[in-house]
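In: Coordinates for the following, if possible.
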Amino acid sequence: MEKTKEQILGDIVKQSIRNIICIDDDFLEPYEVVDSNAKGLELSGRMYTALSTECECAVTMVSYNLKNTWEYLEKKMKQKDLLIIDWELTQPVRPEYTIGIINCALKNEIPYICIYTNEQNTEGIEDALKAYYSGHFKEEVKQISEICEKLGILKDEFVNIIKGCFSGSKNNIQPLKKKMIELGIEIDQEQFNYENSEEWYKLYLDWCSYLLPSEREYVANKKSNGLEVNGRKFFFFSKNLNNEQDTSDMISPEHIISKIAQNIIESPGSIMDGICLYYSNQFQEVLTHRAKILGDISFDAFAYYAKILLEEEGWDEFELFIKGLYKQELEQQIDIQNALIPELFAKELLARADRITASLIINDLIQLNAKININGTLSNMNHTISFGDVFKYKDGNEECYLLCVTAKCDCRRPEKINNNYIFIRGIKCKSGKALENAEKEYFSFLYYEDKKSIAVEWKKKLNTIYILDYKIIKGRTLQGNLMGKDCELEFICTLKENYTQRMANMAFADGNRVGISLAHLPETPANKN
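Out: Below is the predicted model:
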């Protein structure tokens, strides 16, 4: 009998969870002897057995106490796929400790975070985490609260209404605006934009005394149905430790994994999640085998070529050589996997596509294209100016963009080009125009740190810019000189090489020069014959 879509998705989710960390103050450490803690012994045993059996995975059990250091907890988080954490780690409950551990999980990119609580209703905990990851911080909401108090929007008169407007999944500011009319409060919207629900939400955060970060940290995805922070999914369950029948909210240790899988299956983007997890699982198989990147190369040949790179090209070039071999080996192993998405997934994608009007999702398509043509790794790390780097600068009152089309070999050795880098210029254009001509003209799709996506049309003219300090560091601009005029360059992102090469070919009307280093013999009369 063929499996249903739900069964296939469930298997994929379970296969993706290979390493779990579970943190609870009631757990007992292995071999710990505590005569009076029968509850802790039973809970530790049930949780470990249930998780390791259902997923056939490794389970790390951490008995939490205030002596645990952040360094100790961070080490335990490495390469984990799921964090299950007790909300009540301390008595009385101190949410800042639990949130601190959750931040460790986000830092280590753990994809699933499950909050396990003694509370019968998890809504209050969900609200607390949504507030913490709202993108607002303590000083910000304190300032808006002080402004509103001066304007006559007082906590005593509005607090009960604002709770009803924002608690749970609600987001309705009409009762608040109505209350202002009743009290005869008239204010300039430049002082407080009462038409904007986000401004009222800041007041809600302050008046309800939610725990907030001291500065902006990780931010939740507001479009997600459940709580999702930096792409990491949260799940909330009440503990069911008395072997009672599980309900939708009360879950026993034996059914946590199944419930997480069910929640993912029932989410609106389940097919997309399933495809991502399917390929992640396939690629994970490759990573479990040690790559033989130099297995069939003689030591003498390797040492000789290494000397050429280290002495003539530098350590960076040698490192790129090793990374290139490793990447090539991984790609070959991935290709051998011959991964094919389940047919049911493909059918559902095609059925969904037939119901889509492309003109209604232009912004989404721009964001997708940005994901496709941007080198995310290089965009998010400090580096020296490279082929494909995109900068923003002001030309008078006009906002323009520059794309570096300098050959990679010259970017690595700027002294050989006297620090004169070659760029082409671009301007922001209408999204519809860029999408219509994306395959036949010269456009790029970019996004900023706030994920605002734009389309840029590139021009053919080459520009040479003198840049002395060529190190790109986040938050710092570069100083350049273009045709005798000083300009300030703000780094935006780096395009992938194939997309940059397309623009470079247009500008140079010929293939861009590409530096290649091969093993070669020194020039001697004997070698010339």
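In: ok, residue 401 - contacts?
Out: Applying C-beta atoms under 8 Å, 6 or more residues apart in numbering to residue 401 gives the contacts 390, 391, 392, 393, 425, 426, 427, 428, 446, 456, 492. Placement of C-beta: from N, CA and C, glycine included.
In: Please repeat the previous calculation with a cut-off of 10 Å.
Out: Residues in contact with residue 401 (C-beta atoms under 10 Å, 6 or more residues apart in numbering) are 390-393, 423-428, 444, 446, 454, 456-458, 490, 492.
In: That one bridge partners, please.
Out: With DSSP bridges as the criterion, residue 401 is bridged to residue 392, residue 426.
In: all numbers from here: first residue = 31
Out: Got it, the first residue is 31 from now on, which makes the last one we talked about residue 431.
In: What separation is there between it and residue 216?
Out: 43 Å (C-beta to C-beta, to the nearest Å).
In: thinking again about what came up before, of the contacts of residue 431, grab the buried ones for PyMOL.
Out: To isolate the buried members of the contacts of residue 431 in PyMOL, using 16 or more other C-beta atoms under 10 Å:
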select buried, resi 420+421+422+423+453+454+455+456+458+474+476+484+486+487+488+522
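In: ok so residue 216 is a helix residue?
Out: No - assigned with DSSP: H, G, I helix; E, B strand; the rest coil, residue 216 falls outside any helix and is coil.
In: pretty sure it is touching residue 222, no?
Out: No - if you go by C-beta atoms under 10 Å, residue 216 and residue 222 don't touch, sitting 11.3 Å apart.
In: Overlap of the contact sets of the two?
Out: Residues touching both residue 216 and residue 222 (C-beta under 10 Å, 6+ apart) are residue 181.
In: So between the two, which is more surrounded?
Out: residue 222 (19 against 9; other C-beta atoms under 10 Å).
In: And stretch 180-198, what's buried?
Out: 181, 183, 188, 192, 195, 196.
In: And the contacts of it?
Out: 153-154, 156-157, 160-161, 174-175, 177-179, 200-206, 208-210, 212-218, 221-222, 224, 227, 230-231, 233-238.
In: and what of stretch 397-411?
Out: Stretch 397-411 is contacted from outside by 391, 413, 416, 418-420, 461, 464-465, 468, 473-479, 481-485, 502, 504, 521-530, 532, using C-beta under 10 Å, 6+ apart.
In: at 8 Å instead, please
Out: Under C-beta under 8 Å, 6+ apart, the answer for stretch 397-411 is 416, 418, 465, 468, 474-477, 481, 483, 523-527, 529.
In: Using PDB, write out every CA atom in that stretch.
Out: Presented in PDB, the C-alpha positions along stretch 397-411 are these (Å, rounded to 0.1, in the frame of the first residue of the first chain):
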ATOM      1  CA  GLN A 397      12.700  37.900  -2.700                       C
ATOM      2  CA  LEU A 398      13.000  34.400  -4.200                       C
ATOM      3  CA  ASN A 399      15.300  35.800  -7.000                       C
ATOM      4  CA  ALA A 400      17.400  37.500  -4.500                       C
ATOM      5  CA  LYS A 401      17.900  34.200  -2.700                       C
ATOM      6  CA  ILE A 402      18.800  32.600  -6.000                       C
ATOM      7  CA  ASN A 403      21.400  35.100  -7.200                       C
ATOM      8  CA  ILE A 404      23.100  36.200  -3.900                       C
ATOM      9  CA  ASN A 405      26.100  34.500  -2.400                       C
ATOM     10  CA  GLY A 406      24.700  34.300   1.200                       C
ATOM     11  CA  THR A 407      27.900  33.000   2.800                       C
ATOM     12  CA  LEU A 408      30.200  35.800   1.500                       C
ATOM     13  CA  SER A 409      27.500  38.400   2.000                       C
ATOM     14  CA  ASN A 410      27.400  37.700   5.700                       C
ATOM     15  CA  MET A 411      31.200  37.600   6.500                       C
END
